[in-house]
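Student: dropping a prediction and its sequence here:
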Amino acid sequence: MVQGSMMHMQSLCSSSVPLCVYGDLAGVSSAGGGRISSASLRSALCVSSPLVGVNKYGKRMGMRPQVQVPQRKSGLVYAKAEAVLGLEENKDGAVSVNGASPANPGVEGAQSQSMEIDLVTEAELKENGFRSTRRTKLICTIGPATCAPEQLEALAIGGMNVARLNMCHGTREWHTEVICNVRRLNSEKGYSVAIMMDTEGSEIHMGDFNGAPSVKAEDGEEWIFTVRKFGTLPEFTTIVNYDGFAEDVKVGDELVVDGGMVRFEVIEKVGPDVKCKCTDPGLLLPRANLTFWREGRLVRERNAMLPTISSKDWIDIDFGIAEGVDFIAISFVKTSEVIKHLKSYIQARSPNGSIGVFAKIESSDSLKNLEDIIRVSDGAMVARGDLGAQIPLEQVPSVQQAVVNLCRELNKPVIVASQLLESMIEFPTPTRAEVADVSEAVRQRADALMLSGESAMGLFPEKALSVLRTVSLRMESWCRENKQHASDRLPELSPALDDRISENICNSASQMANRLGVDAIFVYTRRGYMASLLSRCRPDCPIFAFTDTKMVRQRLNLQWGLIPFRLDFSGDMESNLRRTFALLKARGMMKKGDLVVAVSDISEADMLQSIQVRRIP
Ligand SMILES: Nc1ncnc2c1ncn2[C@@H]1O[C@H](COP(=O)(O)OP(=O)(O)OP(=O)(O)O)[C@@H](O)[C@H]1O
Ligand SMILES: CC(=O)C(=O)O
Ligand SMILES: [K+]
Ligand SMILES: [Mg+2]
């Protein structure tokens, strides 16, 4: 398919067949980026023909004949506005870029506009070689520390795959603006950051503290917990959002704030006010979660009847659907019913959309119905913050491992969240224990790791992200070197024959890839299903996932080991393969001789599915 941008270029070069070549501009210019002349660019690209700069969205770039040159940042090359060069064909039609000389440059060139990969991944592929790309995906909660466009871009450059918006905090206008900023980065600059909305849920929480970011509660201090409404909150008072609070608590109960960051003991009930004494001092954060305990057990009276999705959550969900967010994470899921309900609600309102619904595992109820919940969800999050407030802390690590294992068995992406690098909210270096915790989640092969306060309101969001990145890379390569997962066994997913065929093909492709030591697995997939099956196998090599919609490409952002590309493809595997090889080679992402295992779920219906092993020509 010839895209609009290509036609635009054709009109620029109307007298001859245009050649569209992705030049690896990294070698062309000095550090620091900037603009270079077309003469030096031609010489670097070994062509003598005139150049027409067209950016990858089809816009003519700047003043002809100048081309924006990549910027160097933290050791990686970022093609800020990667030029797709329309080269007017010289007489013999031979054009070479980085040594690549496509057999049919006119055609290959026309198609190269239709392969999209985000520019951070592309830079990483070129800089470090694709074998060592990061497999674990990274999510950052966006907050006051990271909501400005430049701050978001810094996170995108640092490897953020998904931006999370926590609907517990911030106004509608604020969320709209962040979504708009992320979308603009993606469309104007070539990033591919997906958006996850996280609902507030209706568990019990405190109110705000007259706008203060936090308030200290000291040992022995007396505080009032109340359902009264105030214009200005008096000192030593906090609002509780649950009307039944004063009736449900008893003198002697223990109130646990944010899973134990602060504790109080109930000493007296006076009408709607509950007088408490601080027994474990600490910082009270606005809207901190609150649980209460009696004789060492979590009290779940009427508050357990609160709906998982509150009316405010439904309104937020409508907003998320309207904005076309990629994922919605549901807080405090108790049963699979609520997920099914939400999925059909979304389906009815955005039939062509596909918002991934993630169940947050953070309540004791969710653990009782774990398998049912995960089966009906599109993925799960081990939300250790609230989970640690509902079950004894020492049980959190084994629950994490169990959820990660179950998700992998059921082929659902899983996120490990909360306090991964908590100390980095204040300090530029993580504790050794935090590094060990991050490493452990990577060793368990969770699909994604998530930053909360570290990126939302911490002092070092970019540093925290960079710690996640480097620790993930190190642990992933250690696991490969030490064959840590050679004997993983996965149960069969589905009894239906068609599904079993896909599953067996992916399992075998992945095994072959490991045994043959191939460089990459390629998968051509419309809905992303086969890509997820391959990701589930956690093979040693990266998985290049080609899909034809932007929506599916964004969804694949959250799955282990996948490098998502958007590509217009045909039902003919052979032509897809040949075209992708040429494009990847021309863009410097793979080279002649690289060995690839390829599978596909897009072949014509009557064609046998196959596994191909190919050397890049
Ligand atoms: N949009 C926001 N605006 C202001 N502060 C925010 C925002 N998002 C997060 N924060 C701050 O970062 C902290 C950690 O974020 P996080 O998303 O983990 O929230 P949380 O309140 O602990 O609840 P949850 O259990 O839903 O994760 C919050 O307590 C809050 O102080
Ligand atoms: C992420 C989240 O909601 C939690 O850890 O509680
Ligand atoms: K939340
Ligand atoms: Mg939570």
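Tutor: Received it, and whenever you're ready, just let me know what you need. Ligands and ions are numbered 1, 2, ... in the order given.

Student: read off the pLDDT value for the closest residue to residue 336 other than its chain neighbours.
Tutor: The shortest distance from residue 336 to any non-neighbouring residue, by C-beta to C-beta, 6 or more residues apart in numbering, is to residue 372 (4.1 Å). Every residue, glycine included, has its C-beta placed from N, CA and C. pLDDT for residue 372: 98.

Student: convert the helix or strand where residue 372 lies to PDB, retaining C-alpha atoms only.
Tutor: Of the helices and strands defined by DSSP states H and E, residue 372 is found in helix 370-376. Included here for helix 370-376 are C-alpha records, laid out as PDB according to Å, rounded to 0.1, in the frame of the first residue of the first chain:
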ATOM      1  CA  LEU A 370      -7.800 -15.500  42.100                       C
ATOM      2  CA  GLU A 371      -8.100 -17.900  39.300                       C
ATOM      3  CA  ASP A 372     -11.600 -16.900  38.300                       C
ATOM      4  CA  ILE A 373     -10.700 -13.300  38.300                       C
ATOM      5  CA  ILE A 374      -7.500 -13.700  36.200                       C
ATOM      6  CA  ARG A 375      -9.300 -15.900  33.700                       C
ATOM      7  CA  VAL A 376     -11.800 -13.200  32.800                       C
END
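
Student: next secondary structure after it?
Tutor: strand 379-383.

Student: which stretches of this protein have low pLDDT?
Tutor: Counting by pLDDT under 70, the low-confidence segments of the chain come to 1-113, 486-487, 603-608.

Student: which residue packs closest to residue 232, ignoring adjacent ones?
Tutor: Using C-beta to C-beta, 6+ apart, the closest residue to residue 232 is residue 210 (5.9 Å).

Student: can you pull the residues of this protein lying near ligand 4?
Tutor: Contact residues, the chain versus ligand 4 (C-beta under 5 Å from the ion): 362, 383, 386.

Student: same thing but 8 Å
Tutor: Applying C-beta under 8 Å from the ion, one finds that the chain approaches ligand 4 through 201, 203, 289, 331, 332, 360, 362, 383, 385, 386, 387, 418.

Student: so what's the residue count around the last one?
Tutor: The burial metric for residue 418, expressed as a neighbour count using other C-beta atoms under 10 Å, is 23.

Student: now residue 471
Tutor: Neighbour number of residue 471 under other C-beta under 10 Å is 23.

Student: with distance to ligand 2 and secondary structure added, can I get the residues of the chain next to ligand 4 in CSV?
Tutor: As requested, the residues of the chain next to ligand 4 are arranged in CSV below (distance: C-beta to the nearest ligand atom, whole Å; DSSP: H, G, I helix; E, B strand; the rest coil):
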residue, distance to ligand 2, secondary structure
201, 8, coil
203, 10, coil
289, 7, strand
331, 6, coil
332, 8, coil
360, 6, strand
362, 5, coil
383, 3, strand
385, 3, helix
386, 3, helix
387, 7, helix
418, 3, coil
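
Student: circling back to that earlier point, how many other residues sit next to the residue nearest to residue 232?
Tutor: In terms of burial, residue 210 registers 13 neighbours under the definition other C-beta under 10 Å.

Student: leaving out chain neighbours, which residue sits closest to the residue of the stretch 251-400 of the chain found nearest ligand 4?
Tutor: Closest contact between the stretch 251-400 of the chain and ligand 4, by C-beta to the ion, is at residue 386 (3.6 Å). Nearest residue to residue 386, sequence neighbours excluded (C-beta to C-beta, 6+ apart): residue 362, at 3.9 Å.

Student: how about that neighbour, what does it touch?
Tutor: Contacts were defined as C-beta atoms under 8 Å, 6 or more residues apart in numbering; by that measure residue 362 touches 331, 332, 381, 383, 384, 385, 386, 387, 390.

Student: and it, its phi and psi?
Tutor: The phi and psi values for residue 362, taken as degrees, to the nearest 10, are phi -150, psi 10.

Student: next one: the closest residue to residue 116 other than its chain neighbours from residue 186, what distance?
Tutor: Distance criterion C-beta to C-beta, 6+ apart; nearest residue to residue 116, sequence neighbours excluded, is residue 566 at 4.2 Å. From residue 566 over to residue 186 the distance is 12 Å, taken as C-beta to C-beta, to the nearest Å.

Student: show me what the host helix or strand of residue 322 packs onto, helices and strands only.
Tutor: Here residue 322 is covered by helix 311-323, with elements defined by DSSP H and E. Under the contact criterion of 3 or more C-beta pairs under 8 Å, 6 or more residues apart in numbering; DSSP states H and E, the helices and strands touching helix 311-323 comprise helix 172-189, strand 194-198, helix 336-349.

Student: the helix or strand following that helix packs against which elements?
Tutor: Next in sequence after helix 311-323, counting helices and strands by DSSP H and E, comes strand 327-330. Contact here means 3+ C-beta pairs under 8 Å, 6+ apart; on that basis strand 327-330 packs against strand 194-198, helix 336-349, strand 356-361.

Student: need the contact list for the residue lying closest to residue 159 once chain neighbours are set aside.
Tutor: Nearest residue to residue 159 in three dimensions, chain neighbours excluded: residue 469, at 4.9 Å (C-beta to C-beta, 6+ apart). For residue 469, the contacting residues are 134, 138, 158, 159, taking C-beta under 8 Å, 6+ apart as the criterion.

Student: before we move on, what about residue 170?
Tutor: By C-beta under 8 Å, 6+ apart, the neighbours of residue 170 are 143, 178.

Student: what about it, which SS state?
Tutor: With DSSP: H, G, I helix; E, B strand; the rest coil as the basis, the three-state label of residue 170 is coil.

Student: now do it against residue 243, distance only.
Tutor: Residue 170 is 24 Å from residue 243, where distance means C-beta to C-beta.

Student: one more: residue 536?
Tutor: From residue 536 over to residue 243 the distance is 45 Å, taken as C-beta to C-beta.

Student: hang on, the earlier thing: need the residues that contact the helix holding residue 322.
Tutor: Judged by C-beta under 8 Å, 6+ apart, the contacts made with helix 311-323 from elsewhere in the structure are 167, 172, 175-176, 179, 195, 197, 199-202, 309, 328, 342, 345-346, 349-350, 353, 355.

Student: try it again at 10 Å.
Tutor: The contact list for helix 311-323, computed with C-beta atoms under 10 Å, 6 or more residues apart in numbering, reads 165, 167, 172, 175-176, 179-180, 183, 195-202, 307, 309-310, 325-328, 330-331, 342, 345-346, 348-350, 353, 355, 357.

Student: narrow the residues you listed to those that are buried.
Tutor: Neighbour counting with 16 or more other C-beta atoms under 10 Å marks 165, 167, 175, 179, 195-202, 309-310, 325-328, 330-331, 342, 345-346, 355, 357 as buried within those.

Student: burial count for residue 496?
Tutor: If we define neighbours as other C-beta under 10 Å, then residue 496 has 10 of them.

Student: residue contacts, it?
Tutor: 502, 503.

Student: can you give me the helices in the stretch 451-600 of the chain?
Tutor: Secondary structure of the stretch 451-600 of the chain by DSSP state H, counting those that start in this stretch: the helices cover 453-456, 461-481, 497-516, 529-537, 550-555, 573-586.

Student: for ligand 1, what are the nearby residues on the stretch 401-550 of the chain?
Tutor: Contact residues of the stretch 401-550 of the chain with respect to ligand 1, defined by C-beta under 6 Å from any ligand atom, are listed as 452, 453, 456, 457.

Student: any idea which of the residues you listed has the most stuff around it?
Tutor: For these, the largest neighbour count, defined by other C-beta under 10 Å, is 25 neighbours, found at residue 452.
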